[in-house]
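S.K.: I'll drop the sequence and a predicted model, then ask my questions.
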Amino acid sequence: MRTLLILLAAPLIAQAQVPGLTLEQLPRPTMPPGERGPVVPAQVERWRQEAKALEYGDGVKRDEVAAAKLYCRAARYGDAEAQYSLGWMLTNARGIQRNDAEAAHLFAAAAEQGMEQAQNMLDRMGGTPLGDPPPCLRPPETDPPVAVAPAPPPSRGVKPALSLWATLPLPASAPPAIVNYVKLVAPEYQLSPALVLAVMAQESNFDPLAESPKRAQGLMQLIPETAARFNVVRLRDPSQNIRGGMAYLRWLLAYFEGDVQLALAAYNAGEKAVDRYLGVPPYAETRMYVRRIMASVGGQRLHPFDAKVTEPSPMLQRVKAAMQAIQSR
């Protein structure tokens, strides 16, 4: 891990590397263009490795600006090491202009994925970053845009059609007893059994005794805070656990106005993270989690929701406004 002494000395080093330039005159890398197709984890790792070689001149000519751009690409797809490395370059003006505000966001994203040295850097900078995340942490252009559905008219009640969802196959590994219970209870929560079982398969693989390092428990992998929020008293009770997970899914679908991708990202990372990053957070685990479940439900982006459950996320209006501004150019 790079020490604080190196951190403090690095701006002087950066000046020495670029003779005749002040710190303010160092280049600022532009945002790299969006990708043109699906990006797999192996590609993200290659970007990070190429960036590291360029940053240190390992086998190639040193080029900090090119390194920063590659770190940026990888950071957007959830690579914690790339997020940390780009934050370090920005904090230390390592061949690029110093930007502590952006660096703090990058350290926070890496820390949220469990990177201890990133948390240490964030603590030294004063903790929680302020403002919106920088472009290198925004959802990639290859992510589907927010796809929201209108709320059902109050006069008609909440009996949305689930015909598309009803045709989806259920996980082959799901035990019959669990399938029957979900089919029985899901209508109470205005949920498709296919969605509930897809989440359950990813969360616990239908193991009622499953427990994660983050204290998530049971079939729907509820953490104690979420369990309390949705009135689950006995986390190990399969019935209570499933009902608690369904209640949370119903709430998330209402909060994100039926956008399944955002609801899934929030189930994994929390709705506050989705709001803060204006979409699927830049966490490798969350991006893979969403990708797998979306594949298992046939890519269905919209699910009927009960608009009376909660007010919609304020982030949705911001995203819609940004999309409209782009389309109007």
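M.R.: Cool, the structure landed.

S.K.: buried set for stretch 131-147?
M.R.: Within stretch 131-147, the residues scored as buried using 16 or more other CB atoms under 10 Å are 133-134, 136-140, 143, 145-146. Quick note: C-beta positions are derived from backbone N, CA and C, even for glycine.

S.K.: my error: substitute stretch 232-239 in the last question.
M.R.: Buried, per 16+ other CB under 10 Å, within stretch 232-239: 232, 235, 238.

S.K.: pLDDT-wise, what's the bottom of those residues?
M.R.: Ranked by pLDDT, the buried residues of stretch 232-239 bottom out at Leu235, which has 91.

S.K.: of the buried residues of stretch 131-147, which belong to strands?
M.R.: Members of the buried residues of stretch 131-147 lying in strands (criterion: DSSP state E): none.

S.K.: now do stretch 230-247: everything it contacts.
M.R.: 178, 181-182, 185-186, 188-189, 191, 196, 199-200, 203, 208-209, 217-222, 224, 226-227, 248, 251 (CB atoms under 8 Å, 6 or more residues apart in numbering).

S.K.: helices of the stretch 1-150 of the chain, start to end?
M.R.: Taking DSSP state H, counting those that start in this stretch, the helices of the stretch 1-150 of the chain run over residues 4-17, 41-56, 64-76, 80-92, 100-112, 116-124.

S.K.: does anything pack onto the second one? Which helices or strands?
M.R.: Under the contact criterion of 3 or more CB pairs under 8 Å, 6 or more residues apart in numbering; DSSP states H and E, the helices and strands touching helix 41-56 comprise helix 64-76, helix 80-92, helix 284-296.

S.K.: ok now that helix, how far from the chain's centre?
M.R.: 21 Å (CA atoms, centre = their mean, to the nearest Å).

S.K.: list the buried ones in it?
M.R.: By neighbour count on 16+ other CB under 10 Å, the buried set for helix 41-56 is 44, 47-48, 50-55.

S.K.: list the contacts of it.
M.R.: Outside of helix 41-56, the residues within contact range by CB under 8 Å, 6+ apart are 58-64, 66-71, 73-74, 77-79, 81-82, 85, 89, 94-95, 284, 288.

S.K.: list buried residues within those residues.
M.R.: Buried among the contacts of helix 41-56 (16+ other CB under 10 Å): 63-64, 66-71, 73-74, 77-79, 81-82, 85, 89, 94-95, 284.

S.K.: longest helix anywhere in the chain?
M.R.: Ranked by residue count and defined by DSSP state H, the top helix of the chain is helix 238-255.

S.K.: packing partners of the helix or strand following it?
M.R.: For helix 238-255, the following helix or strand on the C-terminal side (DSSP states H and E) is helix 260-269. Based on contacts counted as 3+ CB pairs under 8 Å, 6+ apart, the elements that helix 260-269 packs against are helix 193-204, helix 238-255, helix 271-277, helix 284-296.
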